[in-house]
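Participant: heads up, no residue letters with this:
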């Protein structure tokens, strides 16, 4: 009556996928457009930081040797011979008992090697010339930021595959990266299949529903770091689907379809893969939801056949498609980040297969707590809205009680796991 | 010698800011462009979900009443009178001992009220007409997803101010939101001041450094959810700065400057605020770094004078400017999210003032752990690259030892705190 498929373990399914499409492509973007992208090369210090000895405070730059005799009982006076702010360079060569009034960030004048902060200097005039005096010794190098103190030219400061955050933006600017080498966003083609699908702007009619999966997956592709090319929706007709999929393949890095992969009478993806000559890596995974997820490869390009069921579609994308997108973004930990958390509600359902429960993880007194984000019916898209994680409930178990430590996969995360299975 | 300013507590500073600019502006964007934006109105169910009774599995739709006599010893036969997939609607009125072969997602045919899954049906032909038989009773409503089961028309499903994630995208599509009401991104004007500043593409010269703060702050504005208008860099010259700031104010929602707010000889922002007629809310905060952060208001518009020191600038933005941006995005918890974590390294420095240490928070066995992400010298931008949090070390303390519970503010977060102070 209906085809029996052999489910394979999740780890085997992921491993089969990760054997394909292993490296990202570099593109250069303007620094102004690089925030939120992934570095495709190491960020290297192109100069020392600071690249000159500088004053870290407002005060007076002096030769420390001149302060040697200063003490509470012996005031030492200095003639203030120049006055510089950040970005200005004193042209004076500083001699015995001379000082330069200097602002934070300015370059130490030639000959000086210490900075007297305003708070400890007494200022006055003598014959119309500004002076200052101190009552303690300053050591060579005191209150000076030395060249190369923060970073040395040539050092690798941030590794390839790191997401560019505001701090890295500052570093890119410091080192003159006007054009930043980032990983090109993989282009992910997307089809939604199903005669029942209406576009979002169409009015409802009996038996039909609006196409929500492709909007959901488009957002998941974006969240993973990819770029979406939405080709539209397809009816459940073999020839239309075959032609559309075949024509789309060339222009994209990865092709995702939703629906049509089960064993229903109008599920044509298996036949489409066959006619294309694509190699099916697997068509059933020992998990819930998403067991019908099918992945095929055609000339080294991956085709993801996700379930038409919203939850199964969601989970299938995160477990199987996301890591390949992250790999193409040069990310060293491409998989969903796995952490431990305390389950805060009972989950009485028995689990013949490993189950991924859409969950909300939160923090209480520094500890991760997790609770299902809605009823766990696989057709309920409502529970996806509040989901920031998937709780992994291993197969072969009789349910879980509140307080149990469980493993979770974090969805809104940029760290990832090297291999969570 | 130099101006004495009176530092105010952090909470007072934040409170003074939050009294201004209290509500966001709605704009409608296409659903395809709404991922990652903040909802400016509640998301309301515009129809029941599902909006018709549907089959959640592949099988046969029957009238449950006809199965009443079925048992292991009494097989009941049905004539299969139609065959529908999702999106198709059967035109048949189903009579006694009739069934419709039905696929997942299809609308229940008129008269039917239960679905027999393929696994429990025996199929055969009789006089060339397809039939199936069952050996057990099916209850009214068994294996049927009823109209409104997932959501009822009119229900508020997601609250205003929520970040649109992939699950919410699916809901927006389901309910026909072709145009999504999102909070308009506040336009944040940005100037970097400092004669020492070079553009990122300029070669280094003695005494000058590349302008990194404005790239950093631009990324922080983006991370907070704002839109940046970078006006460029300004030298430390009063007239140039005054004119530039004055002219910029009208076109933006918020104006940020970096540098020029301290008490150095070339720090002109205080005088600029005065000449503008702006009311200075505060010009010194009891905190490190960022104590010189100055905030003023001019006709209800906020001007943030951040320090020119990268770390102070970074912290000043996150504590004072971010919450106003989030408020304008309709977010109910606009402040940095505060959580507890275990300090994993000693921090021996005494703290006369509350200190915000750039830190890396990570998870170990379900618990938050935090460690400073670099040396805590306030001029070191390097430590910002690895920072995903700020550890709060309260003032009046003599340092902290590893293992202590500390409070942290999370930087890469969309949850926030209502009021963390």
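Facilitator: Yep, that arrived. Note that the structure is a prediction, hence the values are computed from the model and not measured. Numbering: from 1, shown residues only, chains lettered A, B, ... in the order given.

Participant: is the worst-scoring helix or strand of chain A on mean pLDDT anywhere near chain B?
Facilitator: The helix or strand of chain A with the poorest confidence is helix A:382-385; it has a mean of 79 (mean pLDDT, DSSP states H and E). Yes. Helix A:382-385 lies within reach of chain B by CB under 8 Å from any CB of the partner chain, at A:382-385. Where you see a C-beta, it was placed from the backbone N, CA and C, and this is true even at glycine.

Participant: again with stretch A:104-119
Facilitator: Yes. Among the residues of stretch A:104-119, A:104-107, A:118 lie within reach of chain B under CB under 8 Å from any CB.

Participant: nearest to chain B, of those residues?
Facilitator: Taking CB to the nearest CB as the measure, chain B lies nearest residue A:107 of the residues of stretch A:104-119 next to chain B, at 3.9 Å.

Participant: and the gap between the closest one and residue A:115?
Facilitator: 12 Å (CB to CB, to the nearest Å).

Participant: what's the neighbour count on whichever residue of the stretch 1-150 of chain A sits closest to chain B?
Facilitator: Closest residue of the stretch 1-150 of chain A to chain B, CB to the nearest CB: residue A:87 (3.0 Å). Here the number of neighbours of residue A:87 (other CB atoms under 10 Å in any protein chain shown) works out to 21.

Participant: what sits against it?
Facilitator: Residue A:87 sits next to A:105-106, B:194-197, B:207-208, B:235-236 when contact means CB atoms under 8 Å, 6 or more residues apart in numbering or on different chains.

Participant: Go again with 6 Å.
Facilitator: Residues in contact with residue A:87 (CB atoms under 6 Å, 6 or more residues apart in numbering or on different chains) are B:195-196, B:207-208.

Participant: And the residues you listed, which two are furthest apart?
Facilitator: B:195 and B:207 (9.2 Å; CB to CB).

Participant: hang on, the earlier thing: next one: the least confident helix or strand of chain A to chain centre, how far?
Facilitator: 23 Å (CA atoms, centre = their mean, to the nearest Å).

Participant: helices or strands up against that helix?
Facilitator: Contacting helix A:382-385 under the criterion 3 or more CB pairs under 6 Å, 6 or more residues apart in numbering or on different chains; DSSP states H and E are the following elements: helix B:166-174.

Participant: confidence score at residue A:266?
Facilitator: Here the pLDDT value assigned to residue A:266 is 85.

Participant: what does residue A:207 give?
Facilitator: 96.

Participant: same thing with the one 5 residues further on?
Facilitator: pLDDT, the model's per-residue confidence, is 96 for residue A:212.

Participant: quick one, what contacts it?
Facilitator: The contact partners of residue A:212, taken as CB under 6 Å, 6+ apart, are B:170, B:173-174.

Participant: do you know how far it is from residue A:304?
Facilitator: Separation of residue A:212 from residue A:304 (CB to CB) stands at 18 Å.

Participant: likewise residue A:63?
Facilitator: On the measure of CB to CB, residue A:63 and residue A:304 end up 70 Å apart.

Participant: before we move on, what about residue A:88?
Facilitator: 60 Å.

Participant: same check, this time on residue A:71
Facilitator: Taken as CB to CB, the span from residue A:71 to residue A:304 is 77 Å.

Participant: For the two, indicate the residue with more neighbours.
Facilitator: residue A:304 (23 against 13).

Participant: hey, what's the more buried one bridged with?
Facilitator: Note on residue A:304: beta-bridge partners by DSSP bridges are residue A:256, residue A:295.

Participant: pLDDT score assigned to it?
Facilitator: 98.

Participant: got a list of what it touches?
Facilitator: A:256, A:295, A:321.

Participant: what sits against the second one?
Facilitator: What that stands for is residue A:295. Counted by CB under 6 Å, 6+ apart, residue A:295 has contacts A:17, A:281, A:304.

Participant: picking that back up, can you list phi and psi of the residue of the stretch 1-150 of chain A closest to chain B for me?
Facilitator: The phi and psi values for residue A:87, taken as degrees, to the nearest 10, are phi 90, psi -10.

Participant: Look at residue A:14 and tell me its secondary structure.
Facilitator: Judged by DSSP: H, G, I helix; E, B strand; the rest coil, the three-state class of residue A:14 is helix.

Participant: Let me know the pLDDT of the nearest residue to it once chain neighbours are set aside.
Facilitator: Distance criterion CB to CB, 6 or more residues apart in numbering or on different chains; nearest residue to residue A:14, sequence neighbours excluded, is residue A:421 at 6.1 Å. Looking at residue A:421, its pLDDT is 91.

Participant: Ok, residue A:403 next?
Facilitator: On the pLDDT scale, residue A:403 is placed at 95.

Participant: do the same with residue A:174
Facilitator: At residue A:174, the pLDDT value in this model is 96.
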